[in-house]
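K.L.:
below: sequence and its predicted model.
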Amino acid sequence: MAPRALVSAISLCFIAAAPAFAQTNGMMLDQIVVTGSRFNSDPALQPIGATVITADEIRRAGISDVNQAIRKIGGVYGRQSLTGSPDFTLDLRGFGATASQNTVVVLDGVRLSENELTDPVLASIPIDSVERIEITRGGSSVLYGDGATGGVINIVTKRPGKQAGRGTVFAEVGQLGQREVRGSVAQTWNNVTLDAAVGKQETDNYRDNNEYKQTNFGGGAQWHDKNVRAGVRIDSTRQDSRFPGSITLAQFEDNPRQAKTLKDFGSVDSDRYTAFAEGRLGTIDLAAELSHREKTAKSTYFGSSGPSASERKTKQNQFSPRLRHLGQFGGMLNEIVAGADFIKWDLAVDASYSQAKAKQKSQAFYVRDELKFAGPQNFRVAAGVRHETFDKDSVDPVPFTAATYKIKQNFNAWDVQGSFDVVPQVNLYAKAGQSYRVANADENGYTPVENKPLQGQTSHDLELGASYNNSIVKLDARVFRHKLTNEIYYDPTAGAFGFGANTNLDPTKHQGFELDAMANIAADWRISGHYQHVKATFTEGVNSGKELTLIPKNTLSARLSWVPKDGQSADFGAQWVDSQRYGSDFANTCNAKVPSFTTFDARYARKFGAWEMAVNALNLTDKQYFTNAFSCKGGIYPSNGRQMKLSARYDF
């Protein structure tokens, strides 16, 4: 009933607001700076309860990639990649091993999240091209669809500037065989802008047989004037990794750098092509992205019977048109957005264990309306609905697989949000809604019942928050709850003979508290931090009351920045992560937990004209720890030890 009521309410708002939108006809695109509604929007309508990381913060902290910025500055807990790549698994709201599948990552309107059990390839995004990163925690399926229960990470790249041109060259060397060089350039002629970025990175990483190499290229061309912007872009990444495998706790305590597998290796080639356009037609803002992505992942593993090679090729096409009315009437600022997402995804596997051919098509339609009322209370209310249909089919002729099926699934999402200032500088807000996620091709390929895909996951989301903001201090506090039905997870006790399978869990609940804080403690000093407490448990079934696995109850990160006006800067960070259940411990019977740990990092930089020289240290105390452990006291992938790095940057 709730979605139907919301549709009616939104329709009434649309009809009432339409006569007033002509007032926006003279607005320029470059006046608009935030993207809470999948449009560059009025600053008064920035996302409720969101965390925004700016390009200046990224530069000051010496961040080298997008994933690192989200973890270090945004305070998002990250679990180190199993392949040695810089793309850590990002976990919003405590979803453990399925964190990537419960968080949507978007780049300039294009969905980067995969229909596989893999992390988005954020390493393909040149860090110098990023204008800001918006982190919206909590259910966001109305605007972003499948997998947005944990939240959305929206990456926005820089728009054409008024200056004629700019460029950067960066080089870094460090311990563990770290070598990186990258460069970027952008040039504007009248209404045309061209940009390009290239980079190469190599590292031996901390463990034996864990070398990693990456090269990337990104380039684009766009045309823009007062009311129109259109362009094309290509981003290409090549990654090569060697895989050290997992070890036991006893092996970790003896030597965390050792490898279990000395010959395994793999590669990932990713190419993304995007065309985009946005503009104003009378009183309506229009925008659309058309993207095509191809990815080839190869791996070779050596066992007792010799090498086993596999190749996975995926293709994804996305078309996302949308429109908006933005204007004022009766003293109220109103924004209504309606749009659609059409996505087609294909997978082809060539391996001894699988010859799967899988396809997924989805089409979604959504509408969202937000009102900001005039007056000192700064009262805002927003509501939206979404309907999405998925067509999935898969065929695998290899015997003893479970990847042959054909299914159609339908999902609805809705949300209601509101906020107001109780007193000047103090704001209260509330969010309620429903979000969803569908099982991806990897999950449906290994289920408890042969050739029977999993049911969709739904979550009823609730969040209450408060913020305080003046010129010195900013505080954001929120409590949240996600009540999930059919949560999709790997259950080590499910499947034939108890060997484990991807399954729909009994009902679960994720609830907790988050606190973001920032303060200018002196003229040249700033401190910031993020704290999260989350409790994820089964609420029904044989494991009722038991904790879910690989989810730390508490995480705390803090940063101290020093930026005087003499060209110096320093940045110091710390992170504490609480203990967590081993990945197989659904019954909570393992007599040990993944230990808690604390790490520190620091950076000092000095400018000399257009040059900046810096020294950077990661894991200063050389803490030996791990975040991935998939069996009781086993299945462990150690995290990196201490690393010192020196860098030079030249801006022109």
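P.N.:
Noted; the coordinates are in hand. Numbering: from 1, shown residues only.
K.L.:
let me know the next secondary structure element after the top strand by length along the chain.
P.N.:
As assigned by DSSP state E, the longest strand anywhere in the chain is strand 306-329. Counting by DSSP states H and E, the next helix or strand C-terminal to strand 306-329 is strand 332-351.
K.L.:
the helices in the chain, which residues?
P.N.:
2-17, 55-60, 66-72, 141-144, 249-254, 441-444 (DSSP state H).
K.L.:
lowest-confidence stretch among these?
P.N.:
Comparing mean pLDDT across those, the weakest is helix 2-17, with a mean of 35.
K.L.:
who's residue 646 bridged to?
P.N.:
Per DSSP bridges, the residues bridged to residue 646 are residue 173, residue 615.
K.L.:
could you list the low-confidence segments of the stretch 151-300 of the chain?
P.N.:
161-163 (pLDDT under 70).
K.L.:
can we see that at 80?
P.N.:
160-164 (pLDDT under 80).
K.L.:
list the contacts for residue 62?
P.N.:
If a contact means C-beta atoms under 8 Å, 6 or more residues apart in numbering, then residue 62 has 571, 603, 605, 614, 616, 647 as its contacts. Quick note: C-beta positions are derived from backbone N, CA and C, even for glycine.
K.L.:
ignoring the adjacent residues along the chain, who's closest to it?
P.N.:
Nearest residue to residue 62, sequence neighbours excluded (C-beta to C-beta, 6 or more residues apart in numbering): residue 603, at 4.3 Å.
K.L.:
hang on, the earlier thing: for the contacts of residue 62, pick the one with the most neighbours.
P.N.:
residue 571 (24 neighbours; other C-beta atoms under 10 Å).
K.L.:
please tell me I have it right and it contacts residue 61.
P.N.:
Yes: using C-beta atoms under 8 Å, residue 571 is in contact with residue 61, at 4.9 Å.
K.L.:
and residue 559, bridged to which residues?
P.N.:
What pairs with residue 559, by the bridge criterion (DSSP bridges), is residue 528, residue 573.
K.L.:
hang on, it packs against residue 529?
P.N.:
Yes: taking C-beta under 8 Å as the definition, residue 559 is a contact partner of residue 529 at 7.1 Å.
K.L.:
more neighbours: the two, which one.
P.N.:
Under the criterion of other C-beta under 10 Å, the comparison of residue 559 against residue 529 puts residue 559 first, with 22 against 18.
K.L.:
ok, the more buried one to residue 526 distance?
P.N.:
8 Å (C-beta to C-beta, to the nearest Å).
K.L.:
before we move on, what about residue 346?
P.N.:
47 Å.
K.L.:
how far away is residue 460 from residue 174?
P.N.:
Distance from residue 460 to residue 174, by C-beta to C-beta: 46 Å.
K.L.:
make sure residue 251 is actually in contact with residue 245.
P.N.:
No: using C-beta under 8 Å, residue 251 makes no contact with residue 245, being 10.5 Å away.
K.L.:
quick check: neighbours shared by the two?
P.N.:
residue 260.
K.L.:
can you pull the contacts of residue 562?
P.N.:
So residue 562 contacts 524, 525, 568, 569, 570, 571 (C-beta under 8 Å, 6+ apart).
K.L.:
swap the cut-off to 6 Å and go again
P.N.:
524, 525, 570 (C-beta atoms under 6 Å, 6 or more residues apart in numbering).
K.L.:
what about the last one, how many neighbours?
P.N.:
The burial metric for residue 570, expressed as a neighbour count using other C-beta under 10 Å, is 19.
K.L.:
and for residue 88?
P.N.:
Residue 88 has 23 nearby residues by other C-beta under 10 Å.
K.L.:
what sits closest to it if chain neighbours are left out?
P.N.:
residue 78 (3.5 Å).
K.L.:
wait, isn't the one you found in contact with residue 86?
P.N.:
No: judged on C-beta atoms under 6 Å, residue 78 makes no contact with residue 86 at a distance of 10.0 Å.
K.L.:
between those two, point out the one with more neighbours.
P.N.:
For residue 78 versus residue 86, neighbours defined as other C-beta under 10 Å are more numerous around residue 78 (23 against 19).
K.L.:
so who does residue 239 touch?
P.N.:
214, 268.
K.L.:
what's the burial count for residue 568?
P.N.:
13.
K.L.:
report the beta-bridge partners for it.
P.N.:
Here residue 568, judged by DSSP bridges, has bridge partners residue 606.
K.L.:
tell me the bridge partners for the residue nearest to residue 39 when sequence neighbours are not counted.
P.N.:
Counting by C-beta to C-beta, 6+ apart, residue 324 is the residue found nearest to residue 39 once chain neighbours are left out, at 5.1 Å. Beta bridges link residue 324 to residue 285, residue 337, judged by DSSP bridges.
K.L.:
give me the pLDDT value at residue 324.
P.N.:
At residue 324, pLDDT is 95.
K.L.:
wait, it sits on residue 285?
P.N.:
Yes: between residue 324 and residue 285 there is a contact under C-beta under 6 Å: 4.3 Å.
K.L.:
tell me the phi and psi of residue 544?
P.N.:
phi -50, psi 130 (degrees, to the nearest 10).
K.L.:
right, and it touches residue 537 too?
P.N.:
No: using C-beta under 6 Å, residue 544 is not in contact with residue 537, being 8.2 Å away.
K.L.:
neighbours around residue 263, how many?
P.N.:
Residue 263: 12 neighbours (other C-beta under 10 Å).
K.L.:
pairing partners for the residue lying closest to it once chain neighbours are set aside in the sheet, please.
P.N.:
Excluding its sequence neighbours, the residue lying closest to residue 263 (C-beta to C-beta, 6+ apart) is residue 302, at 4.4 Å. Here residue 302 sits in beta bridges with residue 307, going by DSSP bridges.
K.L.:
and what of residue 380?
P.N.:
residue 372, residue 419.
K.L.:
got a list of what the closest residue in space to residue 364 that isn't next to it in sequence touches?
P.N.:
Nearest residue to residue 364 in three dimensions, chain neighbours excluded: residue 388, at 3.7 Å (C-beta to C-beta, 6+ apart). The neighbours of residue 388, taking C-beta under 6 Å, 6+ apart as the test, are 145, 362, 364, 411.
K.L.:
can you do 10 Å?
P.N.:
141, 145-146, 340-341, 343, 362-366, 409-413, 436, 438, 456 (C-beta atoms under 10 Å, 6 or more residues apart in numbering).
K.L.:
and these, which are buried?
P.N.:
141, 145-146, 341, 343, 362, 364, 366, 409, 411-413, 436, 438, 456 (16 or more other C-beta atoms under 10 Å).
K.L.:
now, those that are in strands?
P.N.:
Per DSSP E, the subset of those in strands is 341, 343, 362, 364, 366, 409, 411, 412, 413, 436.
K.L.:
from residue 352, how far out is the residue with the largest distance to the centre of the chain?
P.N.:
No residue in the chain sits farther from the centre than residue 305, which is 38.8 Å out by C-alpha atoms, centre = their mean. Distance, residue 305 to residue 352, by C-beta to C-beta: 10 Å.
K.L.:
do the same with residue 79
P.N.:
Counting by C-beta to C-beta, the gap from residue 79 to residue 352 is 29 Å.
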